[in-house]
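> This is a predicted model, with the sequence first.
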Amino acid sequence: MARSTVLIVSPTHTRSLEIDARLLAWLRPSLIGLSVATVLLTGALAVVGQKYLSEGATSQQQIGHLQQELGHLRQLTSAEINAKLASLKKSEQVIVELQTYLQARGVHVRPVSIEPPAGQPNPAAGGPALPIARSVPFTGSFAHDAHSLLQAIQAVPLGLPHAGPLSSSFGARSNPFTGRGSEHHGGLDFKGTSGEPVQVTASGKVSFAGWRGGYGKVVEVSHAHGHATLYGHLSRVDVEAGQTLAAGDVVGLLGSTGRSTGPHLHYEVLSRGNRLDPQQFLALNAAPIKPWME
Ligand SMILES: [Zn+2]
């Protein structure tokens, strides 16, 4: 019987083994297959191990990166909160300015409150019951918006140019000298005493100051958005053309110059040259005042 010698080599020792040549021939494909499988398995394990290791490294990197992000967010959050608080404070100041301005112009923006105290039913309230909002609205642009609103409102003719009673409305009226016929009145007349101050109703620039026909001594002021106001029959003009004015500044003194039956202020509001009824500009939420009759 033919025998073959097989050497078995291991890290610790080497020994020889004699086995039947036919058995070896029969076993050879299996041994080769086993070797190939071992090589493949070792390769696969190396690839998986490498992948696992690199994934581990990536995770470590990711954790480090996330920790950095968190620190950054913490800083950002406190910076954002501070910025929001600052803008909120600024908005509050602008709102107070806005209210003060409107009140100075004779426009009252705060309604009288009749809300019952907490815990008592309210006989005049309603609306859908919405969940309580937890999010704080973003206020970054609010201060800027409120400031723009204040600037826009300051340029609109608002309130009274003179506190006297209304002696003639806008529109059709009879001739004030005769009490007869019909003519168009392009503004409002406020009765007063000569020498009383007349105030501009919005910020703007004096476009005319001097004598103009039936208006007598007159001041015309240009405002933003194509608006203009006119103050007629003055006894004295206190401003000159080109001068910049803030709402409430005195433009001159009440009088009876030009086509006038007695001391009064003739007040006009114009939009791109067209005369508007100034009564709609006297207050934003007040009923129109009634013409004064003696
Ligand atoms: Zn008039």
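Thanks, I have the structure now. Residues are numbered from 1 along each chain as shown.
> switch to C-alpha atoms for all contacts and neighbour counts from now on
Will do.
> From P197, how far out is the residue in the stretch 151-294 of the chain that the ion sits nearest to?
Ranking the residues of the stretch 151-294 of the chain by distance to the ion (Cα to the ion) places H266 first, at 4.1 Å. H266 is 13 Å from P197, where distance means Cα to Cα, to the nearest Å.
> So the two - more neighbours on which side?
Just comparing H266 and P197: by other Cα atoms under 10 Å the higher neighbour count belongs to H266, 27 against 20.
> near the ion at all, stretch 166-181?
No - using Cα under 5 Å from the ion, we find that stretch 166-181 stays clear of the ion, coming within 6.8 Å at best.
> all strands in the stretch 101-250 of the chain, in order from the N-terminus.
166-168, 171-173, 183-185, 188-191, 197-199, 204-211, 217-222, 227-234, 236-237, 244-245, 250-253 (DSSP state E, counting those that start in this stretch).
> highest average neighbour count across these?
Counting by mean count of other Cα atoms under 10 Å, strand 227-234 has the highest mean neighbour count of the strands of the stretch 101-250 of the chain, with a mean of 28.
> I'd like to know how many residues surround G248.
G248, neighbours per other Cα under 10 Å, totals 18.
> who's in contact with it?
105, 161, 199-202 (Cα atoms under 8 Å, 6 or more residues apart in numbering).
> can you rerun that using 7 Å?
G248 makes contacts with 199-201, as judged by Cα atoms under 7 Å, 6 or more residues apart in numbering.
> just checking, L253 touches Q199?
No - contact criterion Cα atoms under 7 Å: L253 and Q199 do not qualify, at 8.9 Å.
> The chain: helices as residue ranges?
Taking DSSP state H to define them, one finds helices in the chain at 21-104, 142-154, 279-282.
> How is the protein partitioned into domains?
The chain breaks down into these domains under automatic domain parsing: 17-86, 166-282.
> So what's the model's average confidence on the last one?
The one in question is domain 166-282. Mean pLDDT, computed over domain 166-282, is 94.
> Check the separation of the first and last residues in that domain.
12 Å.
> Might you report the residue contacts of the residue nearest to A209 when sequence neighbours are not counted?
Excluding the flanking residues, the one nearest A209 by Cα to Cα, 6 or more residues apart in numbering is V219, at 4.5 Å. Residues counted as contacts of V219 (Cα under 7 Å, 6+ apart) are 208-210, 230-232, 251.
> interface residues of the protein facing the ion?
Neighbours of the ion within the chain, by Cα under 5 Å from the ion: 189, 266.
> 6 Å instead?
Within reach of the ion by Cα under 6 Å from the ion, the chain has these residues: 187-189, 266.
> Dump the residues you listed to a markdown table, plus distance to A152.
Listed next are these as a markdown table, based on distance: Cα to Cα, whole Å:
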| residue | distance to A152 |
| --- | --- |
| G187 | 23 |
| L188 | 24 |
| D189 | 26 |
| H266 | 25 |
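> re earlier: and the residue nearest to A209, how far from V206?
7 Å.
> Please apply the same query to S54.
For S54, the distance to V206 equals 77 Å [Cα to Cα].
> Distance from stretch 254-270 to the middle of the chain?
Centre-to-centre, stretch 254-270 and its host chain are 41 Å apart (Cα atoms, centre = their mean, to the nearest Å).
> got the CA positions of it in CSV?
Provided in CSV are the C-alpha atoms of stretch 254-270 (Å, rounded to 0.1, in the frame of the first residue of the first chain):
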residue,chain,number,x,y,z
LEU,A,254,-53.4,133.1,13.1
GLY,A,255,-54.8,136.2,11.3
SER,A,256,-57.2,137.4,8.7
THR,A,257,-55.1,138.3,5.7
GLY,A,258,-56.3,137.7,2.1
ARG,A,259,-60.0,136.8,1.3
SER,A,260,-61.2,136.5,4.9
THR,A,261,-64.2,137.6,6.8
GLY,A,262,-62.4,137.5,10.2
PRO,A,263,-59.6,135.9,12.2
HIS,A,264,-59.4,132.2,11.3
LEU,A,265,-57.0,129.6,10.0
HIS,A,266,-57.7,128.1,6.6
TYR,A,267,-56.2,124.6,6.6
GLU,A,268,-55.7,122.4,3.5
VAL,A,269,-54.5,118.8,3.0
LEU,A,270,-53.3,117.9,-0.5
